[in-house]
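**Student:** what shape does this take:
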Amino acid sequence: MTSPVGEVMPQIWSAATDATPMSAPTSAAASSSDASVGGLDSNSFLQLLVAQLRHQDPLKPTDSTTYITQEAQFSMVQSMNALAKQNEALLRSQQMQEAVSFIGKSVTYVDANGVVNNGIVSSASPGSDGAVVRIGGAQVPVTSITAVMAASGDTTTP
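**Tutor:** Got it, this is the predicted structure:
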């Protein structure tokens with residue numbers, strides 16, 4: 001009798017170490033909302049679960065609470081992964097709103113070399129690491145802005 005680990009685990013290990021999704025049989029029931037968590041999506045998890053059930057020792061069956069616990073843990077990891085993605089999207093949205101609010105205002109910022117500069121924000125756009133503003137000819141991340149000058153000359157810090 002072969003073990004479920006010997007049959008299914010090499011595929012999962014390969015998927016996790018390659019950081020690519022594991023190829024699983026597609027079905028009409030599979031949804032696009034199945035998030036890949038460390039190379040193990042819900043199809044892969046179910047394949048592993050079925051392999052464990054198929055190859056368990058009939059004289060010493062595994063307690064069903066073990067499977068329920070595994071499923072609950074997997075669901076929790078998927079939910080936390082989805083929540084992290086939502087939080088990242090929310091942060092990017094907030095940074096973009098902040099960047100747009102800086103347009104036309106004079107700002108003080110620290111450039112990549114650590115030099116403090118001043119300038120007027122002419123535009124805002126999303127960047128790979130968050131929102132960026134254009135000040136003169138430079139693209140400046142919103143997180144580098146240290147002060148904003150309002151039209152009346154009052155200084156506020158973001």
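**Student:** residue 77 belongs to a helix?
**Tutor:** Yes. Per DSSP: H, G, I helix; E, B strand; the rest coil, residue 77 lies within a helix segment.
**Student:** got a pLDDT number for it?
**Tutor:** Looking at residue 77, its pLDDT stands at 86.
**Student:** could you do the one 4 residues further on as well?
**Tutor:** Here, the pLDDT recorded for residue 81 equals 89.
**Student:** and the helix or strand hosting it, what does it pack against?
**Tutor:** Residue 81 belongs to helix 64-101 when assigned by DSSP states H and E. Using 3 or more CB pairs under 8 Å, 6 or more residues apart in numbering; DSSP states H and E, the elements in contact with helix 64-101 are helix 42-54, strand 116-127, strand 130-135. (C-beta placed from N, C-alpha, C; glycine too.)
**Student:** mind redoing it with 7 Å?
**Tutor:** Identification of packing neighbours for helix 64-101 by 3 or more CB pairs under 7 Å, 6 or more residues apart in numbering; DSSP states H and E yields strand 116-127, strand 130-135.
**Student:** now the longest one: buried residues?
**Tutor:** Pointing back at strand 116-127 there. By neighbour count on 16 or more other CB atoms under 10 Å, the buried set for strand 116-127 is 119, 121, 124, 127.
**Student:** about what we covered before: right, and the helix or strand after the helix holding residue 81?
**Tutor:** Per DSSP H and E, the first helix or strand lying C-terminal to helix 64-101 is strand 106-110.
**Student:** pLDDT of that following strand, averaged?
**Tutor:** The predicted model gives strand 106-110 an average pLDDT of 93.
**Student:** and it, which strands flank it?
**Tutor:** Partners of strand 106-110 in the sheet, by DSSP bridges, are strand 116-127 (antiparallel), strand 145-149 (antiparallel).
**Student:** export those to CSV and tack on mean pLDDT and distance to residue 72?
**Tutor:** Shown next, in CSV, are the strands paired with strand 106-110 (pLDDT from 0 to 100; distance: least, CB to CB, whole Å):
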stretch, mean pLDDT, distance to residue 72
strand 116-127, 92, 37
strand 145-149, 92, 44
